[in-house]
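Would you be able to build a 3D model of this:
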Amino acid sequence: MKRQSFERFYLEKIALGEGCGCAEHVTRIRELDALGERVRNARSGRSPQTSRILAGIRRLWTAFARHMPFVAPDP
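Residues are numbered from 1 along each chain as shown. You can find the predicted model right below:
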């Protein structure tokens with residue numbers, strides 16, 4: 001069996017709408033990736049020192065939350 005090129009496969013199956021919806025899925029994923037990148041770039045306005053401090057506080061809070069019960073145990 002002759003192997004067809006990717007361009008021909010794309011044209012026949014995806015571009016002409018006879019595929020399984022893969023093109024729409026890939027398009028949605030690319031849009032979500034682009035949106036996530038924009039959000040990440042907008043939030044990266046913090047200084048590196050502030051980011052390190054916040055990361056340290058987050059780690060401390062996680063450590064305390066894992067080892068200290070918020071509800072008293074049953075007697």
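
what about His67, neighbour count?
7 (other C-beta atoms under 10 Å). Where you see a C-beta, it was placed from the backbone N, CA and C, and this is true even at glycine.

Gly45 in helix, strand or coil?
coil (DSSP: H, G, I helix; E, B strand; the rest coil).

Kindly state the pLDDT recorded for it?
What the model reports as pLDDT for Gly45 is 70.

ditto for Arg40
Arg40 carries a pLDDT score of 74 in this model.

Please report the distance of it from Ile57.
To Ile57, Arg40 is 20 Å away according to C-beta to C-beta, to the nearest Å.

which stretches of this structure have low pLDDT?
Applying pLDDT under 70 to the chain flags residues 1-4, 6, 9-10, 13-27, 41, 43-44, 68-75.

Would you map the helices across it?
Listed in chain order, the helices of the chain (DSSP state H) span 6-9, 22-43, 48-67.

What's the local residue count around Glu7?
The local packing of Glu7 (other C-beta under 10 Å) involves 9 other residues.

Can I get stretch 34-45 as CSV, trimmed to CA atoms?
Provided in CSV are the C-alpha atoms of stretch 34-45 (Å, rounded to 0.1, in the frame of the first residue of the first chain):
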residue,chain,number,x,y,z
ALA,A,34,-2.5,31.1,23.6
LEU,A,35,-4.9,32.3,26.3
GLY,A,36,-2.9,30.6,29.0
GLU,A,37,0.3,32.2,27.7
ARG,A,38,-1.3,35.6,27.8
VAL,A,39,-2.5,35.2,31.4
ARG,A,40,0.9,33.9,32.4
ASN,A,41,2.7,36.8,30.8
ALA,A,42,0.3,39.3,32.4
ARG,A,43,0.9,37.8,35.9
SER,A,44,4.7,37.7,35.5
GLY,A,45,5.0,41.4,36.4
